[in-house]
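*Asks:* Give the three-dimensional model of this entry:
(one chain, ligands or ions: 1)
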Amino acid sequence: MDRVATVDTVRGLREAVASWRAAGKRVALVPTMGALHEGHLSLVDRARELADRVVVSIFVNPTQFAPNEDFSKYPRTLDEDCAKLAGRADLAYTPLLEEMYPAGFATTVSLAGPAAVGLEDAFRPTHFAGVATVVAKLLLQALPDVAVFGEKDYQQLKVVARMARDLDLTAEIVGAPTVREADGLALSSRNRYLSQEERALAPTLYRTLQDCAARLRAGEDAATVMAAGEAALATAGFAVDYLALRDAETLAPVSGLAAPARLLVAARLGVTRLIDNIAV
Ligand code: PAF
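*Replies:* Numbering: from 1, shown residues only. Below you'll find the predicted structure:
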């Protein structure tokens, strides 16, 4: 089976990137936690359009999971991931825990702005500090020209872009569109947790976003539309964490479509928490 080349140390990563740079190549990084699906591969393909060499990092980052979350059972499929990346990426960076967080590790990125707007942060209060810290490390370890993140995790994309700007990290942060199943469900490594019955219900999330967006574009009152959307999701069997209309850049609450806006949702089906978003 063909496999992408791998390195598991910062040193190995830096040597590879330095040799490409010495040859005048542009380098892209796609940070992932593995369990790669077509959504991740579309980020890799986008990175390939933006650079001559593509590094995919695969690291299940413990600091972005709360103690009650699924860190221990998060899917780990390194062999399959490396096979999927063969011929698509140039290098997989697969650091062990000790490489990323050596003994005595004591530093965390502290965030406000889009990380503190009452969306994911309200339900996962330590999540973005973990994400931002590991992404800052990955960007400093790889020093890519560009890094590609999925719009599926829209708040994460905005948090990372803000952090990169604020900390003068040199990589350009690029978002890439969400990849969906034929029935509209956004691809996610966590979809595998859905029972058959839940999987059949799951596309309601995207359909509800689309219905709400259509009503907003038709000029209906945002509060009414949001309330109807939440009710539709509850009726379908979701426990809704939030369904919100936000400014597409700052993620601040908005009550209309005067500026580019984004509809974001998080809802649980049984034990599985799904998130999605669309432009309005
Ligand atoms: O989106 C993810 O998979 C993770 O949050 C990321 C960006 C790889 C950081 O661990």
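
*Asks:* how about the residues of the stretch 51-200 of the chain that lie near the ligand?
*Replies:* By C-beta under 6 Å from any ligand atom, the residues of the stretch 51-200 of the chain that approach the ligand are 61, 64, 131, 134-135, 153, 156. (C-beta placed from N, C-alpha, C; glycine too.)

*Asks:* What are the phi and psi values at the closest residue to residue 16 other than its chain neighbours?
*Replies:* Among residues not flanking residue 16 along the chain, residue 91 sits closest, at 5.6 Å (C-beta to C-beta, 6 or more residues apart in numbering). Main-chain torsions, residue 91, degrees, to the nearest 10: phi -160, psi 140.

*Asks:* which element is residue 45 on?
*Replies:* Assigned by DSSP states H and E, residue 45 belongs to helix 38-50.

*Asks:* what mean pLDDT does that helix have?
*Replies:* Averaged over helix 38-50, pLDDT sits at 98.

*Asks:* What residues of it count as buried?
*Replies:* Neighbour-count burial for helix 38-50 flags 39-48, 50 (criterion: 16 or more other C-beta atoms under 10 Å).

*Asks:* And these, which is closest to residue 26?
*Replies:* residue 50 (7.5 Å; C-beta to C-beta).

*Asks:* For stretch 201-212, give me every contacting residue.
*Replies:* Applying C-beta atoms under 8 Å, 6 or more residues apart in numbering, the contact partners of stretch 201-212 are 180-181, 183-186, 191, 194, 225-226, 228-229, 232-233, 236-238, 243, 263, 265, 267, 269, 274, 276-278.

*Asks:* Residue 187: what's it in contact with?
*Replies:* 37-39, 152, 178-181.

*Asks:* gap between the nearest residue to it once chain neighbours are set aside and residue 211?
*Replies:* What sits nearest to residue 187 in space, not counting adjacent residues and going by C-beta to C-beta, 6+ apart, is residue 39, at 3.8 Å. Distance of residue 39 to residue 211, computed by C-beta to C-beta, to the nearest Å: 23 Å.

*Asks:* what do you get for residue 249?
*Replies:* On the measure of C-beta to C-beta, residue 249 and residue 211 end up 24 Å apart.

*Asks:* for residue 21, same thing?
*Replies:* 48 Å.

*Asks:* Could you do residue 24 as well?
*Replies:* Residue 24 is 50 Å from residue 211, by C-beta to C-beta.

*Asks:* Same drill for these two, tell me which one is more crowded.
*Replies:* Neighbour totals were compared for residue 24 and residue 211, and residue 211 leads with 15 against 7 (other C-beta atoms under 10 Å).

*Asks:* Could you give the backbone dihedrals for the more buried one?
*Replies:* The phi/psi pair for residue 211 (degrees, to the nearest 10) is phi -60, psi -50.

*Asks:* Just say helix, strand or coil for the one residue sitting closest to the centre of the chain.
*Replies:* In the chain, the residue lying closest to the centroid (C-alpha atoms, centre = their mean) is residue 153, at 3.8 Å. Classification of residue 153 by DSSP: H, G, I helix; E, B strand; the rest coil places it in helix.

*Asks:* Nice, that's everything, thank you.
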